[in-house]
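Q: What follows is a predicted structure for the sequence shown.
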Amino acid sequence: MLVYVGVLSLMFLVLLQTVISYIGSYKELLTRRAIQHSALTAMERITREIRAAADITPQSVLGTNPGILSLTKTEGGSTVVTKFYLQNGILVMDSNGVPFGPLMRSNASVSNLVFSGLTTGDTKAVKIDMTIQATVGTVTRSKIFHTTVVLKGKTS
């Protein structure tokens with residue numbers, strides 16, 4: 001009887017350890033997914049707006065963390081100012097002062113956001129360095145993302 005109870009206890013402990021391991025792996029997966037989704041959404045939107053922009057406004061805060069990127073473009077004969085900035089660690093976009101809302105998942109935040117203006121002759125570009133952090137349960141991860149986007153300077 002004691003051997004039987006001992007074997008069952010050992011099997012139960014192995015099974016419990018396996019379940020705990022699966023739960024930890026699942027939380028890790030959810031954390032990485034939140035980071036990737038937030039990065040994809042944010043970078044895609046910023047890239048689209050930079051490519052459509054005619055210029056970077058002087059209200060931009062470049063080369064420091066947290067950075068602010070303010071872009072101008074002409075749509076339908078009127079000037080539109082689009083701004084990207086951090087609000088309590090969340091990347092936010094607004095257009096002519098009207099907030100568009102957060103560009104990331106609720107369990108993700110930006111811990112570092114630096115915009116850098118690059119100029120070569122007639123070409124202007126913006127370099128983006130962004131660190132996104134996400135937490136699911138007790139699992140917290142972060143990842144650094146970089147990209148450089150050229151302003152096309154198109155007007156509609």
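A: In hand now; what should we look at? As the structure is a computational prediction, the values presented were derived from the model and not from experiment.

Q: partners of the lowest-mean-pLDDT helix or strand in the chain in the sheet?
A: Using mean pLDDT, DSSP states H and E, strand 98-102 stands out as the lowest-scoring helix or strand of the chain, at a mean of 86. Sheet pairing of strand 98-102 (DSSP bridges) gives strand 90-95 (antiparallel).

Q: can you pull the buried residues of the partner strand?
A: By neighbour count on 16 or more other CB atoms under 10 Å, the buried set for strand 90-95 is 90, 91, 92, 93, 94. (Each C-beta comes from the backbone N, C-alpha and C, glycine too.)

Q: Residue 43: which of the residues you listed is nearest?
A: Lowest distance from residue 43 to the buried residues of strand 90-95 (CB to CB) belongs to residue 91, with 9.8 Å.

Q: Would you agree the closest one is in contact with residue 102?
A: Yes - contact criterion CB atoms under 8 Å: residue 91 and residue 102 qualify, at 6.7 Å.

Q: secondary structure class for residue 12?
A: Judged by DSSP: H, G, I helix; E, B strand; the rest coil, the three-state class of residue 12 is helix.

Q: how close does it sit to residue 2?
A: Separation of residue 12 from residue 2 (CB to CB, to the nearest Å) stands at 15 Å.

Q: which one of these two has more residues nearby?
A: The residue with more neighbours, out of residue 12 and residue 2, is residue 12; 10 against 6, by other CB atoms under 10 Å.

Q: In contact with that one, which residues?
A: Neighbouring residues of residue 12 by CB atoms under 8 Å, 6 or more residues apart in numbering: there are none.

Q: Check it and give its pLDDT.
A: Residue 12 is assigned a predicted lDDT (pLDDT) of 94.

Q: State the distance from it to residue 21.
A: Shown here: residue 12 relative to residue 21, a distance of 15 Å by CB to CB.
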